[in-house]
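> quick one, what's the 3D model for this:
(chains A and B)
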Amino acid sequence: MKKKVKSSAAEKRKEVLKGLRKMGRKLYGQMDKGKFPWIKMPSRSTQNIFYSPEVRQYILGDKRVRRSSRNIRHIRPLTQLVWAAYFARELAEQRKTSTLRDVYYSAQAYEVPFKDQPESNSIITDLETVMGLSREDFKVFPEERSAIFGDLTIEYTVPGYEGKRLNLMSHPDGVMIGPALTSAEFVKTSADMVIAIEKGGLFTRFIEEMVHKKFNALLVLTAGQAPRATRHFIHRLNKELDLPVHIFTDGDPWGMHIAMVIISGSANAAHLRELTTPDATWNGVWATDIVDYKLPSDALTDVDVKRLRDLRKDPRYEGELWRREIKKFLEIRKKAEQEAFSRYGLTYIVDEYLPAKLEMAD
Amino acid sequence: MVETFEQISPADFFYRNRDIAGFTNPSRAIFSSVRELVENALDASDLHGVPPEVYIRLSQEDEGGEVFVLRVEDNGSGVPARHIPSAFGQVLFGSKYKLRQARGTFGLGGTMAILYGQITTHKPVYIASSTGTSRTYEYRLMIDIQRNRPIILDRKAHRNKTEWHGSAVEYSLEGDYFRAMPKILEYLKQTAMVTPYANITFVDPKGRLYRFTRVTTEMPPPPEETLPHPYGVDVETIQRLAKITNCKNMLDFMQKHFHRVGERTAQQFLKFAEISEKNNPRKLKPHQVVKLVRMMKKFDGFMRPDASCLSPLGEELLKAGILKELKPDFIAVCQRSPSAYAGHPFIVETAIAYGGEIPKEDDILVYRFANRIPLLYDEASDVTVRVIKSMNWRTYKVSADMPIAIVVHLCSTKVPYKTVGKEFIADRPEVRREILNGIREAARKLRRFLTRKEHVARERRRLSVFSKYLPKIAQFSTELAGKKETPDIETLLRSVRKFEEES
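Next up, the predicted model:
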């Protein structure tokens, strides 16, 4: 145990309940005074999203929007927002978890139906913005699941498992980063670093090849673009346990961006904190690796090239490494998957590539 | 080989060419027969100034056969006894050769229908009529087709105790009622629409009774007879006038026989046409007649024809008729000022009806009338339909799926029919402009109505949104705040409602 636990799940729950009660009281008070209830929140329009070099992620500007029930166009979304808050309180009080899809259907029981899933998702994002908390804090989880493997002992806080401990090495497939794990407390670890991997095949290979032992690492499978719960989990590993984070993805603009979102977050989550790990590093597969390791590769498609050009304009990509690699990609017009290393034998990536890259990172 | 030439009588001519008069096939023939007799009946009543009572009965002579007996009765002016045989038994005889708006134009239709009956069944026609004198007369006639003359089979006179006036016609004809039925019913319905002061009763071969009841006894003022306008005459008309005139010189001739020509206008015209005022009209040479007609069309100093010879329905009657037959939610009517084309005066009346019992169709429903006759065929070729198609209806807030009917009534001493069949109106620029402006005027009223309707609907929706969501916000907020009682939102809802009433 290197560091004392900072944010316990119980505290988070208290914070959520307090925030929701505050919101309810404000609306109640407005109506009690004979006023049309309203809520003010930061604007999430693209004009109000800025990249902050200090925080090293996107943040919302000063522009705020007022949603008032006096306005015929606002009253429906406002009602949905208040319902979502009510629903979040029910979840917190009953210690239940839910999904975005659940939210969409649950609304129908209260006769505040959403017209489609995107509308329902957007209201949950509103609630996040108003409260300054992420939906995972409200126990609303996404469907996609990722996994973790390595020597980390956690203690559950979910009902029925309170106080139970688990070592995340106990299952060779890794442990799913679901609601229970997300809200668990970290007890102890012997790990020195976190290695995040984009693809399931490689994650399994790493476990088989005992990467966690050889490098004293926790292995995290992002399963493509990392879900927010996973990004938050990586953030906690970095902040609470002080572990450096290394990210391995496919060698193409999309893999590069998976790493970037773990590091600097996305514009969509500009209203949230604690989802980013600014000190994490992207360690491969780089464009230069394709050349240096003579990896089997595919040609970049038009879409890939366009994506690279877009990324070049993105403020998150201003660092030297990113500039260099984007330039290299555009120069060689090639991309390679993580599996491409299998050309040199199944263990090559673990025996040769990984040590070299991690050494380079130090 | 020598070609033989023979003269044929008008009756013979129509016998050989019955297609052009609307007797193409058994179903069309029965429709045309009903139509011609009903129009004669209504004309007779209009002329007499009494609200029409028209009774139509169609029965099958033998079960399942193709021979029908048609009987039409009216309470019109009646036909004087001595004219009865010619009026019903001689083609091109009638009272409609003067310039005056009437439904029929040649006095051809009624006799044509009877002629058709005779050639398909070889049975006589029965006629009863009285002009309201002390006697009524009954005739049984046949038409001598080759000589165009009536053959009187039987003639009776009865005492007229009830002072009845009107006519009754009954004869047999071959036809196909069941195929013609939709058109006949549509025709009667539309006739009722533009004749809201008439009672029309129809008993069909199955014994079904259709009754179109009048909603008013007010009738449009009867049209006055008028002289031909110089723009509208042809060489034949001038020659006939020259034959019958008793004027000694051209100056008098112009003033006496033409519409709105006074001494000054006559002098100016004759000077323009380089014709001496002193010329004797009875001695006009053919080439002079041709020149006269040509100059009449060129001269721009004639007064416009006036419309006293026309008998439009008037906005109130048109409205009453449409309300009665279409039962719409909204109606806008418009009567245009008189106008003229080629020397023929005309008036356009338009109406737009919306909602109510008007069906929702893909296209706007169009009802076309000319001199109070419904036009049921060849809709696509009619100028009215072209005008409607050319308009940008979105300007008037009209969308394709709305239940809308447009009524256009054209009355004129000479309706510009495109064909002999009298089914659709030709695209004359003057007529087209009036129809367009008339529809536009009514459409503007419709737009005001639709805008208001939209507004009311929007406000209603608004209120329902507030009363749906505010209580929910109150309920959820109460739970969130941990309070026991929900806040009072009635004041808020009232304020929304109050806002509605103000606006």
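> enumerate the residues of the stretch 51-200 of chain A near chain B.
A:69, A:72, A:75-76, A:78-79, A:82-83, A:85-86, A:89, A:110-112 (CB under 8 Å from any CB of the partner chain). The C-beta positions use only the backbone N, C-alpha and C, and glycine is treated the same way.
> ok, now with 10 Å
A:69-70, A:72-90, A:110-112 (CB under 10 Å from any CB of the partner chain).
> from the residues you listed, which land in helices?
A:72-90 (DSSP state H).
> select only the buried ones of the residues you listed in PyMOL?
A single PyMOL command is used to select the members of these judged buried by 16 or more other CB atoms under 10 Å in any protein chain shown:
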select buried, chain A and resi 74+75+76+77+78+79+80+81+82+83+84+85+86+87+88+89
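> which residues touch the residue in chain A positioned nearest to chain B?
Proximity of chain A to chain B (CB to the nearest CB) peaks at residue A:24, 2.4 Å away. Residue A:24 makes contacts with A:82, A:85-86, A:89, B:476-483, as judged by CB atoms under 10 Å, 6 or more residues apart in numbering or on different chains.
> show me where the chain has helices.
Answering for chain A, as no chain was given. A:9-32, A:72-94, A:100-109, A:117-131, A:179-182, A:200-208, A:211-214, A:228-240, A:253-264, A:287-292, A:302-313, A:320-332, A:348, A:354-361.
> wrong chain, I was asking about chain B
B:10-16, B:26-48, B:84-89, B:109-121, B:177-194, B:235-244, B:250-257, B:263-272, B:286-298, B:315-326, B:383-390, B:429-481, B:490-502.
> out of those, flag the one nearest chain A.
helix B:429-481 (2.4 Å).
> what helices or strands is that closest one leaning on?
Using 3 or more CB pairs under 10 Å, 6 or more residues apart in numbering or on different chains; DSSP states H and E, the elements in contact with helix B:429-481 are helix A:9-32, helix A:72-94, strand B:330-335, strand B:339-341, strand B:344-354, helix B:383-390, strand B:404-412, helix B:490-502.
> stretch B:248-261: end-to-end distance?
The separation between the terminal residues of stretch B:248-261, taken as CA to CA, to the nearest Å, is 17 Å.
> in it, what counts as buried?
So for stretch B:248-261, counting by 16+ other CB under 10 Å, buried means B:250-255, B:257-259, B:261.
> buried residues, stretch B:183-202. List them.
Here stretch B:183-202 shows B:183-184, B:187-202 as buried, counting by 16+ other CB under 10 Å.
> mind checking the pLDDT average for stretch B:475-492?
Averaged across stretch B:475-492, the pLDDT comes to 90.
> got the buried residues for that stretch?
Those buried within stretch B:475-492 under the rule 16+ other CB under 10 Å are B:475-481, B:486-487, B:489, B:492.
> low-confidence stretches in chain B?
Applying pLDDT under 70 to chain B picks out residues B:1-7, B:20-21, B:92-102, B:104-108, B:420-421, B:498-503.
> tell me if I'm right that residue B:401 and residue B:361 touch.
Yes - between residue B:401 and residue B:361 a contact is recorded at 8.6 Å, counting by CB atoms under 10 Å.
> compare those two (neighbour count), which wins?
Higher neighbour count among residue B:401 and residue B:361: residue B:361, with 13 against 9, using other CB atoms under 10 Å in any protein chain shown.
> who's in contact with residue A:260?
Contact analysis of residue A:260 by CB under 10 Å, 6+ apart lists A:247, A:249, A:253, A:266, A:280, A:282, A:311, A:314, A:316-317, A:319, A:322.
> list only buried entries from those.
Counted by 16+ other CB under 10 Å, these give A:247, A:249, A:253, A:266, A:280, A:282, A:311, A:316-317, A:322 as buried.
> and these, which is closest to residue B:463?
residue A:266 (41.2 Å; CB to CB).
> show me the contacts for the nearest residue to the closest one once chain neighbours are set aside.
Of all residues not flanking residue A:266 in the chain, residue A:58 sits nearest, at 7.0 Å (CB to CB, 6 or more residues apart in numbering or on different chains). Neighbour list for residue A:58: A:49-52, A:264-272, A:276, A:315-316 [criterion: CB under 10 Å, 6+ apart].
> what residues are up against the spatially closest residue to residue A:350 that is not a sequence neighbour?
Closest residue to residue A:350 apart from its sequence neighbours, by CB to CB, 6+ apart: residue A:209 at 4.2 Å. Counting by CB under 10 Å, 6+ apart, residue A:209 touches A:346-347, A:349-351, A:354.
> kindly reformat the buried residues of stretch B:475-492 as CSV containing distance to residue B:209.
Shown next, in CSV, are the buried residues of stretch B:475-492 (distance: CB to CB, whole Å):
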residue, distance to residue B:209
B:475, 61
B:476, 64
B:477, 66
B:478, 66
B:479, 67
B:480, 70
B:481, 71
B:486, 63
B:487, 65
B:489, 59
B:492, 59
